[in-house]
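Chemist: Let me see the structure of the following:
(2 chains)
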Amino acid sequence: MKIGIPRALLFQFYYPLWRSLFERLGCEVVVSDASTKNLVQKGIAVTVPEICFPIKIYNGHVINLMEKGVDYIFCPRFVHIEKGYWFCPKYIGLPELVWKTIPGAKLLTIDIDCCREDTADIKCYLSLAKKLGVSNHDFKAALKGAAEDFEKFRSLCIRGLTLDEAAEVMFEGKKFEDFDIPKFETTIGLLGYIYNVYDPFISMNIIKKLRELDVNVITFDMIDPNDLLRHRSEETRRIFWTFPDKLYQAATVMIKDMNVQGLIHITAFGCGPDSIVGKEIEHDYADSGVPFMTLRIDEHTGESHLQTRIEAFTDMIKRKIRKVNER
Amino acid sequence: MKASFPHMGCVTGYKKLLEKLGHEVIMPDPPSQKTMELGVKYSPEFICFPFKVMMGTYIECAQKGAELIVSSGGAGPCRAGMYPDVHQKVLQELGYNTRVVVFDSLFQDFHAFYEKVKIVKNGTPNYKLLGLAKFCYNLIKKMDKLEKRMKIMRAYEINQGDFSNAWKDIVKMFEKCETTREVNRTYKKALEIFDAVPCRKVEESQRIRVGIVGEIYVIMEPTVNKNVEEILNNLGVEVENVQYISDWVEHNIVPQWLPFPKSHRVFRMSDKVAPLNCGGHDKENMGWVYDFAKRGFDGVVHLMPFACLPELVNLGKFPAISKELNMPIMSLSLDEQMGEAHVKTRLEAFTDLIKSKHFAKQRSTIGDAIGLKAQSAARKVGSKAQEVKDNLAPAPHTPAKQLTK
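Modeler: Purely as a prediction, here's the structure:
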């Protein structure tokens, strides 16, 4: 059986888990092509214009998978992966949104409503066993194995690899040592959700670009999840979305513990949680002395715009460091 | 304490409650263009429209010296749950010493809820508080009932503006009420006032009805939605709005498994297309759309603030749902750039469309009736069927297909 996984939204984060799970169950995993202008345009054509950019891209990938002729498209509904923390409403309505905008899409949907980050809770996934024709016992074993793989993947990330690099280590036979993690003088924290940072169409390979400018990049997935929890306080109203909260906590960790020299917040047009989180970070760390820049990306953003802005930003930071050192 | 609240729909109830708790009430003005501009200036750029309008209102209230702003919130995945935090931060940045107190659901964290009640209740004993809440709830409920009635009757007023003027008088009458008995008496009087307004008589088959669904703030506050309800009424269309404060309170206080109020049943009607609520009123709204279709409404107007998260999920589904239910749904996404002429033009076009659809449907049902008669007659006369059909088929509107069946 061919299972299609769209290369969009949380794909890069959960890909190792899903691929490992479906391969253990004897399915063939088909991943949609990397986002291209053509693919994204197809998504934009069917989706309501007002919705945020990542959802349009997601629809583009679903169409791409349908063209490839898969049996099912795996489209999980994320609700909770931590008690009291939600996903953005669009994730909760995603399967129906796709089902109603792309007629004929055969979706394989599960509700992810559990309290663990790897989502490998049997009660979320068990409904798949029946649909795929696997016995419950086999399914449990496969899920357990997949969860172990996911853990290995996360530990690679925390050691400093980006999600893409870690996935290469997991599935393409590369080794951790093959990647030399650059060590430059300047470190910039890149705040952005998985799809904003890792989708080459949204981010335009921002990590690569920053490394070319001799800058270390830290993203929230490279920070130990336990560190992220440490700064949560009872005093302020919590940010009740899982990933936006991770982002906010990551900003805290980066500023307080890692001494980053600058923060870049990369956000997609029309992102709801970002409008709040961006403001909160801006307000709470206004006095920290760390420069903060917001990059807003949509389907019209040109690559040169992004290049110019990050170049100016890194130049400014480097000049600042030089000045401090001279004193 | 000098207290205030955001302006949302009919505010007499909130004003009464705060007054009775011994606060000095600073009445918020209905949001004007100036309020919106003020809000837009100090809000995060991509936040939803209600936040910006409320921000403007809060700043205006703070300028007038309000020390306490009371509002309701949420803890779901909708951004409304984060409003108070950001509002507070912006007010702080601007140097106002105003406190924003927001009531979340009392089932989620009763302790936190009660702490906030303590701030607002201003030393009023609890037994009195319950009585006050009951009085204000009764007042709001009565006013909502009148408003619902007005939005149906206003479609048929002979002199345009009669009902709106009557409503202004009624609000003033309610503001003077001090006891439950007075509220009930005023309610009866208001009904009499409504009945005295001259209206056209319209047959049941001629009535055009439109439901309004959408985000609670924009559908309740007429100055924000550019008076959609009144425009529709003036075009001769009955309007049913799905959100009123009293309904909202009932929906949140009565346990979900009970079959009343109606919103609980409606909530479950959309299980197929929206298994889970996405945070706002999206699942309920979807249910209302199904409910309107079941009750034979002619159309639905969907109002949402620009980039509202839960309503966007609905917006994405509406084209398919509209086809499925054979009912036109018009979405209006509102923001500070929205002009009244734009809303009016679109509503006029929409009304034209649903009216012609309504009457076309009627003609075709009349055609059906004639077709049935023709068939029964044909059975009787046997071979002369075709002749009889020809004689009975009157209108060019009658679809030929149905006759030959």
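Chemist: Which parts of the stretch 1-150 of chain B are helices?
Modeler: B:12-20, B:33-42, B:49-63, B:83-93, B:110-121, B:126-153 (DSSP state H, counting those that start in this stretch).
Chemist: So for the longest one, what gets flagged as buried?
Modeler: Pointing back at helix B:126-153 there. Judged by neighbour count (16 or more other CB atoms under 10 Å in any protein chain shown), helix B:126-153 contains these buried residues: B:129, B:132, B:135-144, B:146-147, B:150-151, B:153. For the C-beta atoms, the positions are set from N, CA and C on the backbone; glycine is no exception.
Chemist: interface residues of the stretch 1-150 of chain A facing chain B?
Modeler: Within the stretch 1-150 of chain A, the positions lying close to chain B (CB under 8 Å from any CB of the partner chain) are A:47-48, A:50-52, A:77, A:79, A:86-90, A:92-93, A:96-97, A:100-101, A:103, A:111.
Chemist: switch the cut-off to 10 Å
Modeler: A:46-52, A:55, A:59, A:77, A:79-80, A:84-101, A:103, A:109, A:111, A:113 (CB under 10 Å from any CB of the partner chain).
Chemist: Only whichever of the residues you listed are buried, select them in ChimeraX.
Modeler: In ChimeraX, this line selects whichever of the residues of the stretch 1-150 of chain A next to chain B come out buried by 16+ other CB under 10 Å:
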select /A:46,47,48,50,51,52,55,59,77,79,80,85,86,87,88,89,90,91,92,93,94,95,96,97,98,99,100,101,109,111,113
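Chemist: so of the residues of the stretch 1-150 of chain A next to chain B, which ones are in strands?
Modeler: A:Arg77, A:Val79, A:His80, A:Tyr85, A:Trp86, A:Asp111, A:Asp113 (DSSP state E).
Chemist: Next one: the second one from A:Ile239, what distance?
Modeler: A:Val79 sits 17 Å away from A:Ile239 when distances are taken as CB to CB, to the nearest Å.
Chemist: what's the answer for the first one, then?
Modeler: When distances are taken as CB to CB, A:Arg77 and A:Ile239 turn out to be 21 Å apart.
Chemist: cool, the fourth one as well?
Modeler: In this view, A:Tyr85 and A:Ile239 are 8 Å apart by CB to CB.
Chemist: Overlap in contacts, the two.
Modeler: A:Asp245, A:Lys246 (CB atoms under 10 Å, 6 or more residues apart in numbering or on different chains).
Chemist: What score does the most centrally placed residue in chain A have for pLDDT?
Modeler: Geometric centre of chain A, nearest residue: A:Ile194, 1.5 Å, by CA atoms, centre = their mean. We have a pLDDT of 88 for A:Ile194.
Chemist: Likewise for B:Lys405?
Modeler: Listed pLDDT for B:Lys405 reads 44.
Chemist: Likewise for B:Leu276?
Modeler: B:Leu276 is assigned a pLDDT of 86 by the prediction.
Chemist: likewise A:Ile239?
Modeler: 83.
Chemist: try B:Met36
Modeler: pLDDT, B:Met36: 90.
Chemist: That one contacts B:Pro305, correct?
Modeler: No. Counting by CB atoms under 10 Å, B:Met36 does not reach B:Pro305; the two are 11.7 Å apart.
Chemist: Great, nothing more from me.
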